[in-house]
Structures are given as C-alpha cells and as structure tokens.
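# this is a predicted model, with the sequence first.
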Amino acid sequence: MNEQMPVTPSVGDGHLRVRIDIAYDGGPFSGWAVQPGLPTVQGTVESGLELLFRRPVRLTVAGRTDAGVHARGQVTHIDLEPEEWFALTRGKDIDPALALKRRLQATVNRFLPPSAAARTVYAGNPASPVVVRAVSLAPVGFDARFSALWRRYSYRIADRSELQDPLNRSTVLWHSEELDERLLNEGAGALLGLQDFLAFCKPRVGATTVRQLQRFEFEREPDGILRVTIQADAFCHNMVRALIGSALRVGSGEELPQWLGERLRSRRKDSRSVLAPAHPLVLEEVRYPDDAAELALRAELTRAKRDGA
C-alpha cells in the first residue's frame, strides 16, 4: 500500500473530494433525486456508500434527471476523510480509486429495487441498471454541479413504422407522424443563445430560468432514426423535455417554425407546453474546464447566477 498522501489538496476541513462517474438505465427508477418510499438512483447509490463507509454520504450531482431518464455520463462527487480514502485498499497494493469503484458497484447492486435488480450474470458479472464507470480524486475547486461548462443530452425518435423496433422501444420514441428535420432545425435555431426559458421550464422559487442553449439539432442516423442533440450550460426543471415536445409540433407541421421563438418570448406556460416522453432521453456528457485553476472560478460564477436552481 502506498502511504503517501495524494498531491490533490483537501477540499476543506481535511476532506478529500472524490469524483464518481455513473451510468444508469432510468426506467426502473423514480428519477435521480431521493424521494421517500420510491426507488431512485441517488437513493440506491447513497445506500451503497453508507454501507461502505458506515455513515451517511451525500452525493452532489451534475444534473438531476427525471423519472425514466437515462444517463451514460452522469457525474457526482462526495467528500471523504483521508483515512476513509486509504482504508478502501484494505492494506493491499491497489489504487483506492479502483478499490472504491469495485466495492461501490458491489454494494449498489445489493440495494437495487426488485424491479431493477441486476440480472443475466455471466462469468460472475451481473448486468446492473446502475454502473459505476469511474472514480478519481477531484482537482482542487471541483464541484460536480457548479463547475460544469455544459451538459449534453440525446433523444431518439422512430417516426416511421418500419423504424419501430420492439427491442429498442424502451429508449426510442415511437412517433405516429413523420417529422421534417428541416422544419425542426429551423425552429430550434431561434432558441439558441442566452435566453430566458421560462416558457419551457418548471421554475423553482428563487431560481433563474435564464440558460445558454448551445446546441439544439435534429439529424437522421444511418438507420433512419431521428436523433436530437441538445446542449446547454445548464437546464432548469423539465426544460429538455419541454423543448423537444414543443419542437415535435413544428416537425409534424402542426405549428410553423417561428412558433418556437414566439413561445420563448411569451415567457408563458400553458396547455400547449407538452413534455416529450422521458424514456428516450439520455444524459450523454458533462464537460468541465481542463485547467484545474478554472474549476473553482467556474463554480463560484455559476453558483452566484443559479444558486437554488
């Protein structure tokens, strides 16, 4: 075992900040955030952490996902005592990060709800709906939520009957009308930039609905599936699904492309603000500054703008 302290300084009060990257199938869960009496991704992972460290451990997450939404690139962090970090090796010559990755995956599998239990064990490896992808000591100033530069989501749509594959029905929207990607992109383009997305958000008290939408694109994949890419510095509650749900009205010809811009400027939610179904939505990636010195500054600036968002 390597007894040297890591070069990464403590976060404060002697704690070490640990980044944990997670992927999950959101189908069996009632979203990311803990809810009493309901299975959630956060609740499952925190139960695994509590078993490992014999105390409650709180996760900070890059983006809270709704019920049924999936993630390939979710990012979280926790704070540990240095003694807890080094004890993960159990005296073996192994990186504590690798030890935590392996042990957390095992404990998470123990707390999966019955509907989400790990199945299809092959060579001792259970197929779990929650996968711990990576663990690392975070640089100074890192905050999974506030240090992020942007979040990128994808959404896939089968808008022709020949594209409706029953094997992907849990991750692809089956749309009854063929969609025109030219109209979709024309309408989506008007929403790009720093805007107030109140018309497409469920606002929280004291939180801003101003966001910078960086990408909102529709393109056909080689198999004909329509893929949506949507990226912003951050998203307020229900924003991604509201944007896609509204855009589908344009793609089907029900509304003109300029209608999306009109909705944005109206800053009003009404019965025409329909959310797209959650099951095709995937959090693909969260990006952070490459320079460690920028992490704390980014977190400070974002927190000042969106504290409580």
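All right, it came through fine. Numbering: from 1, shown residues only.
# so residue 220 sits against residue 227, correct?
Yes - using Cβ atoms under 8 Å, residue 220 makes contact with residue 227 at a distance of 7.5 Å. Just so you know, the C-beta spots here come from the backbone N, C-alpha and C atoms, and that holds for glycine as well.
# neighbour-wise, which of those two wins?
The neighbour count for residue 220 versus residue 227, taken as other Cβ atoms under 10 Å, is higher for residue 227 (16 against 12).
# run through the bridge partners of the more buried one.
Assessed by DSSP bridges, residue 227 has beta-bridge partners residue 156, residue 219.
# do the same with residue 151
Beta-bridge partners of residue 151, counted by DSSP bridges, are residue 232, residue 286.
# what is the neighbour count of it?
Look at residue 151: counted by other Cβ under 10 Å, it has 23 neighbours.
# run through who's touching the helix or strand containing residue 18.
According to DSSP states H and E, residue 18 maps onto strand 16-24. With contact meaning Cβ atoms under 8 Å, 6 or more residues apart in numbering, strand 16-24 is reached by 6, 8, 10-11, 41, 45, 59, 70-82, 85, 97, 100, 104, 129-138, 142, 144.
# would you mind checking the residues you listed for buried ones?
With neighbours counted by 16 or more other Cβ atoms under 10 Å, the contacts of strand 16-24 contain buried members at 8, 11, 41, 45, 59, 70-71, 73-80, 85, 97, 100, 104, 129-133, 135-138, 142, 144.
# just the ones of those in helices?
Among the buried ones among the contacts of strand 16-24, DSSP state H puts 41, 45, 85, 97, 100, 104 in helices.
# farthest pair in these?
For these, the farthest-apart pair by Cβ to Cβ is 41 and 85; their separation is 23.5 Å.
# name the SS class of the closest residue to residue 34 other than its chain neighbours, please.
Distances taken as Cβ to Cβ, 6 or more residues apart in numbering put residue 43 closest to residue 34, at 4.7 Å, once the chain neighbours are dropped. Secondary structure, DSSP: H, G, I helix; E, B strand; the rest coil: residue 43 is helix.
# hmm, residue 43 is touching residue 36, no?
No - assessed by Cβ under 8 Å, residue 43 is found out of contact with residue 36, at 9.3 Å.
# who has more neighbours, these two?
residue 43 (21 against 6).
# contacting residues around the spatially closest residue to residue 35 that is not a sequence neighbour?
With Cβ to Cβ, 6+ apart as the measure, residue 43 is the residue that lies nearest to residue 35, at 7.6 Å, once sequence neighbours are left out. Contact partners of residue 43, counting by Cβ under 8 Å, 6+ apart, are 34-35, 111.
# below-threshold pLDDT in the stretch 51-200 of the chain: ranges please.
Regions of the stretch 51-200 of the chain meeting the criterion pLDDT under 70 cover residues 118, 120-124.
# no no, the stretch 201-309 of the chain
Along the stretch 201-309 of the chain, the parts satisfying pLDDT under 70 run over 293, 296-297, 303-309.
# residue 130: what's it in contact with?
Taking Cβ under 8 Å, 6+ apart, we find residue 130 in contact with 22-25, 41, 44-45, 108-109, 112, 116.
# that one bridge partners, please.
Beta bridges link residue 130 to residue 24, judged by DSSP bridges.
# what's the burial count for the residue lying closest to residue 224 once chain neighbours are set aside?
The shortest distance from residue 224 to any non-neighbouring residue, by Cβ to Cβ, 6+ apart, is to residue 163 (5.1 Å). Around residue 163 there are 19 other residues, counting by other Cβ under 10 Å.
# could you do the one 3 residues further on as well?
Per other Cβ under 10 Å, the neighbour tally for residue 166 reads 7.
# I'd like the numbering to begin with 636 instead of 1 from here.
Sounds good: first residue 636 from here, last item residue 801.
# how near is it to residue 783?
From residue 801 across to residue 783, the span is 36 Å (Cβ to Cβ, to the nearest Å).
# please apply the same query to residue 773.
Residue 773 is 13 Å from residue 783, where distance means Cβ to Cβ.
# what do you get for residue 866?
Using Cβ to Cβ, residue 866 is found at 11 Å from residue 783.
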